[in-house]
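Visitor: Kindly generate the corresponding structure for this input.
(2 chains)
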There are 2 protein chains.
Amino acid sequence: MDISNLRWWGWGTLDQTFSLQGRPNFWPSLRAWLELPDDQPQKPAVSLAEIDLRPGRLDDPVLNSLYRLLGQAVVRTDLQCRVEHAAGKSYRDLVQVRAGTIPNPPDAVVYPADEGQVAAILTWAADRDIAVVPFGGGSGVLGAVEPMPGEQLTLTLDTAQLDRLVALDRISHTARIQAGATGPEVERQLNEHGFTLGHFPQSFEFSTLGGWIATRAAGQTSTGYGKIEDMTQAVRLVTPGGIITTKNTPASAAGPSLLQMLIGSEGAYGVITEATMRVRPYPQVQDYRGFLFRSFADGIAALRDLMQSGLRPTIARLSDAAETTGFSALTHEHHGMRALIDRALEAYLKQRQYQIGGGSCLLLLGRDGHPQELGPFWKAANDLCADHRGLRLGKSAGKSWKRDRFAHPYLRDIMMDAGVMVDTLETATTWSNLPRLYDEMTTAVRAAIQSSGGGPGYVMTHISHVYQWGASLYTTFLGRQLPGREIEQWWSVKREATETILAAGGTLSHHHGVGRDHAEWLAEEVGPVGMTILQAVKQALDPEGIMNPGVLIPLGEKDKETR
Amino acid sequence: MDISNLRWWGWGTLDQTFSLQGRPNFWPSLRAWLELPDDQPQKPAVSLAEIDLRPGRLDDPVLNSLYRLLGQAVVRTDLQCRVEHAAGKSYRDLVQVRAGTIPNPPDAVVYPADEGQVAAILTWAADRDIAVVPFGGGSGVLGAVEPMPGEQLTLTLDTAQLDRLVALDRISHTARIQAGATGPEVERQLNEHGFTLGHFPQSFEFSTLGGWIATRAAGQTSTGYGKIEDMTQAVRLVTPGGIITTKNTPASAAGPSLLQMLIGSEGAYGVITEATMRVRPYPQVQDYRGFLFRSFADGIAALRDLMQSGLRPTIARLSDAAETTGFSALTHEHHGMRALIDRALEAYLKQRQYQIGGGSCLLLLGRDGHPQELGPFWKAANDLCADHRGLRLGKSAGKSWKRDRFAHPYLRDIMMDAGVMVDTLETATTWSNLPRLYDEMTTAVRAAIQSSGGGPGYVMTHISHVYQWGASLYTTFLGRQLPGREIEQWWSVKREATETILAAGGTLSHHHGVGRDHAEWLAEEVGPVGMTILQAVKQALDPEGIMNPGVLIPLGEKDKETR
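Guide: Residues are numbered from 1 along each chain as shown, chains lettered A, B, ... in the order given. You can find the predicted model right below:
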C-alpha cells in the first residue's frame, strides 16, 4: 500500500530508468527513422500538484459505512492513490496522465486484507450499485482498470494485501498463492523452497498473479513454461453471486472447463483471490544464446522446425530485421580494442552475407534445466539453426537481453518526453498464416502512422511465444506525436492495426487481453454466439453489472443509457 | 450407416471377440476371486426378435416433414437402428439391452450429410419441442446417449456421415476433421499424409472425434500426446441458437476460453460438427517396455519422478498388485521349454523379492519418436526406475499390451454371459493425494460389492494418464451378479464409489465425462456458482432445452414436471 515510490505518470519506480548513457546511436537513429524535427516539442509530465482531479463522490454516510466494513486504514481517497489507480500503463493512458487529464478517477481505493473482505466489498457495492474495478499491478495496456465514464460511482479494489504463498505441495509441484502477489513476491516465496513459477512478463516487477490470470498473460519464457492458463491448476473467484473454486486436479472430464472460462475474465465476472499454480524446481542452469539469420523467413523456418521436431526451448525470441536494427541502435559504444573487434566482426558478418541493418534477424534461444540436458539440446538446436543458415553468436547476446529484460518500458517514458508516439500490438496465428499476417500488419501500421501525421514511423516485430502449431507476433510502432491530437492519432493507428490483424486471421490478442480498448472487436473474434455465452455468464454471476463495467464485454445500448 | 455388423447387445463387431483359448487360468482364477458358484446362472442376451420395442412416436405428418427436410434415406426408424441408438455401452446399459429392456428408444435416427442438415435438424426439432441426442460411436459409459424418459419425443442425430478430413495444414501441423470420423477413419486419413492424431482410447475402433471432444476424452497415449482438450485447437458447434466457431490460433487472450467451455459439453449445448486438431508427424519408432516394481508405492514414486524430471514418456501405465495378478490370469499357457523358462523366471523373480500375485506391480512405459531420441530417453528412464527398485522386463510386455489394447471390452461380454458384474471407475488427483484416494476408493468399492450381495469381489486399478502434478486412477471392479437386481446392485456400488472419490478429493471424472449417471454429483464437483455458469450457458444456447436433456446438467424440478 506504499505507493510513494511509483512513477504515477509513467512506468515503474522512481529509482529505476533505462539509461542511455554510453549508447550514442540511439537518438540519432530515432531522429532519422522518425524524421523527428529538432524542434519537436518536448512533452514533460505535469506535476501531481497541477492535476485538478474530480473529488471522490462517496458521500460521508457511504464512506463511513465502508470504514465500518473494512476499517479506515484500508480505504484510501487521497490524490496520489486515486491518480495511481485511475488508469493502466498504455500509451494512451500515459498521454492522458502526463497531461494531467484524468477524466475517470476511482472515487475510493480499497485494499482488502482477506477473501472475506473481498466478498463483503462486492456485496456492499452491489447493494449500492457502485462499480468495482479489480486492480492488481495496474500495468495493463488495454484500458481494463480505468473506471467507467459516467454517473456510476466506482470503487477500485487493489489486491496488494493478498500477497502470500498460502501452501506449497512439494510432492505435487503445486502452490496455492494469493492473487495480489507481484512477480517478485511470487518468485521470492517459491525460490525459498527451491521452486519457480517461471512466469516473467515484461511487467514482472509490478504485475500480479491475479492480473496475469485475469488477462491470460504470457511471460518471456512461455515457450518452455507455458502461458499462465497452462500453469493454473485451479482458481478461486469471488463474484457478486458467490465464490467459485475449481477442482484442484491435473485434468478433468467433469463437463466444460470452468477454470478456462474464468481465466481471462478480466474482472468482469469477479475478483480472483487465489490460485493453485503448477510450479517447477528452480532450474540449475539457464543458458541463453544468440543466433543470426539472413532473413526473417529463415528464422521463422528454424523456429518452426525447432518446435515441430520436439525440441523444447525455454525461450525463443526472433526479431525481424527492423527490430534487429533497433537493438543495434541501443548497443553500448565501444572504444579501443573492443571497437576494432566490433568493426572486424561486422566485416566478417558482411562477407558471410549477414548484415545488421541489411535484413539479418536476431534469434534469442534459451533453455533452463539440468546441465546434462543442455548438451543434447544445444547440439540439436545448433544443427537445426545451421540448416537454416543461422549463425551462432554465443552467450553474450543472451546475457545482454537478460540484463535489460524488464527495463524497456522505462525507455518509453523517455521517448514520450521527446514527443514520440510509441505503442505495441500483439497477436498469434498458425505457422502457415504467419507470413501473411506479418506482412499485412506491418504494411498497415506503417501506412497508418504516415496517414495519422506521424511521419514515416518505425515498425518492428518479434516472435516470442512459440508453439508446434504457430506463434505470436509482437510489434512495436513509433512515430512523431501530433501535438494536441495524440489520442486521436494513436486510435487511428490502433484501429487500422486491429482491423488488419483480424482480417488477416490473427487473434485479437495473444496475451494482453481485451479490456476496454479491444472490447468493440471481441464480437468479431468470437462471433455472435460466443458473445451470447460471455454475456450469459456475466448476467448469471454479476446480475447488477457492477464488476468492471465496459471491460471485456461491451455495454449494451440499454446499459449505456441508464448510466 | 451400415450397422448390421455391430453387436447391439454388447461391445464391438460380430467378427471380433476376446479369445480365451490357450488361457487356462482365466476361469479358475475368476471363480476363486469372486467365489462364483458353479450354478451361477448364465445370462445370455435375448435375440433382436424378442425385443418388444416401443414403436417410434413420430406421427406421419411429422415424419414426412423430416423426410422433406433431409431426404428419406437418412431417416431411420427400423428396430435394429433404434435399438443400437437406445443406449451407450456401460455395464448398466448392457444389462438392460441384453435383457431386452429398452425403456427409452429414440423415435427416429437421422444421419445428416453436412453441417447445414445438422443446423436444419436443430431448428426443426426446436420448433416441435423434440429432443435431439447427438450420437457419435455410442461407446460412452455414463448414459449420455440414452433418450430421456417421458413424453418428449426424441430424435437421435448420428454423425456417421461426417467422417472426412476436410483440410490438412502441413505447415502448421493442424487438420480440420469432421466430428463423425471414428478413430480408424481419423488415423487412416492422417496416416496417408504422414501424420497422426495420437488419440487411442480403448473405444478407438468405434468412438468418434466429436464424441471424444464432447466428453473430454483421453487416449492411452495421453501422457505423450495430451488429452483431447490439449489436441483441439478450434471447434465448430451447431446450437439451436446458431453456429459458433472458435478461433484457429495456438493460443489467445481474447477473453475466457470458449473453446474449453465447449469441449466437454456432451451434446447439452449443441452438436460438434468439426474441429481443427493438432496433429504430429507419424512416429518413426514406437518402443514400449515393461518394468516390475515391488510395490504400487514404488511404481508411483518412479512415475512421479519420471514426469517431474522432464522425461516425456508417450505412454505410462502402472497396474496395482491386483491388476498385475489379473494380467497373469490372462497369460497364455506355455508348454515344453517355454514353460520351463516361465518357471525359472518366476523363481528368479521371487528370489529378488518380486512376486506376481504377491504385491509386485507392472509398469508399461513407452515412447514414440525418432530413433535418436530413444537412446537417451531409455537410459534416463531405466536409471530412474532402478532408483525405485524397478526391474526391466523388456519389450515383450509392451508387445502383448499393444496386441490386446482394444480387445478387453469384448471380455466384458463374456463375463456378463457368465453372470459377472463388471464395470470401471476413473478419477484423477494430485500426486500428494493419490495414495489416500486410491486406498479409500479401493476399500469402499470392495465393501460395496460385498454389501451389494456380490461376494468378495475383485478390485484392480491402474494409473494410465500421468502429469507433472498428478495422475488418473482407473479401477475395474468385478463381483457376482445378483440375478434380477443387477441394476440396483450396480448402482449401490457406483454410488458408494463416486461419493468416496469426491470425499477423498478426486475429480468426478478424468476422461469418461458426466452423462446422466454422474449428473447428480456435478454440483458437488463444481459448486453452486459453477452450476449457475453451466446452466446459464445452456439457457443461452438452447433456450427450448431440446439438446440432450438430462445429460451433463440435471433437469430442474420444473423441467421434470413439464416433461
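Visitor: quick one: the strands in the stretch 201-350 of chain A?
Guide: Taking DSSP state E, counting those that start in this stretch, the strands of the stretch 201-350 of chain A run over residues A:232-239, A:242-245, A:271-278, A:280-281, A:285-293, A:315-319.
Visitor: cool, and the stretch 351-500 of chain A?
Guide: Going by DSSP E, counting those that start in this stretch, the stretch 351-500 of chain A shows strands at A:361-369, A:391-394, A:420-430, A:458-463, A:470-480.
Visitor: Make JSON lines from those and add distance to B:V459, mean pLDDT and mean neighbour count to it.
Guide: In this view, the C-beta of every residue, glycine as well, is placed from N, C-alpha and C. Below are these laid out as JSON lines (distance: least, Cβ to Cβ, whole Å; pLDDT from 0 to 100; neighbours: other Cβ atoms under 10 Å in any protein chain shown):
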{"stretch": "strand A:361-369", "distance to B:V459": "40", "mean pLDDT": "96", "mean neighbour count": "25"}
{"stretch": "strand A:391-394", "distance to B:V459": "57", "mean pLDDT": "93", "mean neighbour count": "16"}
{"stretch": "strand A:420-430", "distance to B:V459": "46", "mean pLDDT": "97", "mean neighbour count": "24"}
{"stretch": "strand A:458-463", "distance to B:V459": "51", "mean pLDDT": "98", "mean neighbour count": "24"}
{"stretch": "strand A:470-480", "distance to B:V459": "45", "mean pLDDT": "98", "mean neighbour count": "25"}
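Visitor: Dump those into JSON lines; add distance to A:E185 as well.
Guide: Formatted as JSON lines, those follow (distance: least, Cβ to Cβ, whole Å):
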{"stretch": "strand A:361-369", "distance to A:E185": "21"}
{"stretch": "strand A:391-394", "distance to A:E185": "34"}
{"stretch": "strand A:420-430", "distance to A:E185": "25"}
{"stretch": "strand A:458-463", "distance to A:E185": "28"}
{"stretch": "strand A:470-480", "distance to A:E185": "26"}
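Visitor: got TSV for the ones you listed, with distance to chain B too?
Guide: Output for the strands of the stretch 351-500 of chain A, formatted as TSV (distance: least, Cβ to the nearest Cβ, whole Å):
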stretch	distance to chain B
strand A:361-369	7
strand A:391-394	21
strand A:420-430	4
strand A:458-463	12
strand A:470-480	4
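Visitor: Please name whichever of these is nearest to B:A126.
Guide: strand A:420-430 (34.9 Å; Cβ to Cβ).
Visitor: related to what we said a few turns ago, of the strands of the stretch 201-350 of chain A, which approaches chain B most closely?
Guide: strand A:242-245 (3.8 Å; Cβ to the nearest Cβ).
Visitor: hang on, the earlier thing: highest average neighbour count across the strands of the stretch 201-350 of chain A?
Guide: Among the strands of the stretch 201-350 of chain A, strand A:271-278 has the highest mean neighbour count (mean count of other Cβ atoms under 10 Å in any protein chain shown), at a mean of 27.
Visitor: Is chain B within reach of it?
Guide: Yes - residues of strand A:271-278 are located near chain B by Cβ under 8 Å from any Cβ of the partner chain, namely A:R278.
Visitor: again with stretch A:69-89
Guide: No - against chain B, stretch A:69-89 shows no contacts by Cβ under 8 Å from any Cβ, the least distance being 14.8 Å.
Visitor: next one: stretch A:525-536
Guide: Yes - Stretch A:525-536 is in contact with chain B by Cβ under 8 Å from any Cβ, via A:525-530, A:532-536.
Visitor: buried stuff in the helix ranked longest in chain A?
Guide: In chain A, assigned by DSSP state H, the helix with the most residues is helix A:522-541. Neighbour-count burial for helix A:522-541 flags A:522, A:525-527, A:529-534, A:536-538, A:540-541 (criterion: 16 or more other Cβ atoms under 10 Å in any protein chain shown).
Visitor: again with stretch A:340-350
Guide: A:L349.
Visitor: how far is it from where the chain is centred?
Guide: 36 Å (Cα atoms, centre = their mean, to the nearest Å).
Visitor: Touching that stretch from outside, list them.
Guide: Stretch A:340-350 has contacts (Cβ atoms under 8 Å, 6 or more residues apart in numbering or on different chains) with A:292, A:334, A:355-356, A:358, A:360, A:391.
Visitor: Please repeat the previous calculation with a cut-off of 7 Å.
Guide: Under the contact criterion Cβ atoms under 7 Å, 6 or more residues apart in numbering or on different chains, stretch A:340-350 has outside partners A:334, A:355.
Visitor: rewinding a little: so which of the strands of the stretch 351-500 of chain A gets nearest B:I177?
Guide: Per Cβ to Cβ, nearest to B:I177 of the strands of the stretch 351-500 of chain A: strand A:420-430, 15.6 Å.
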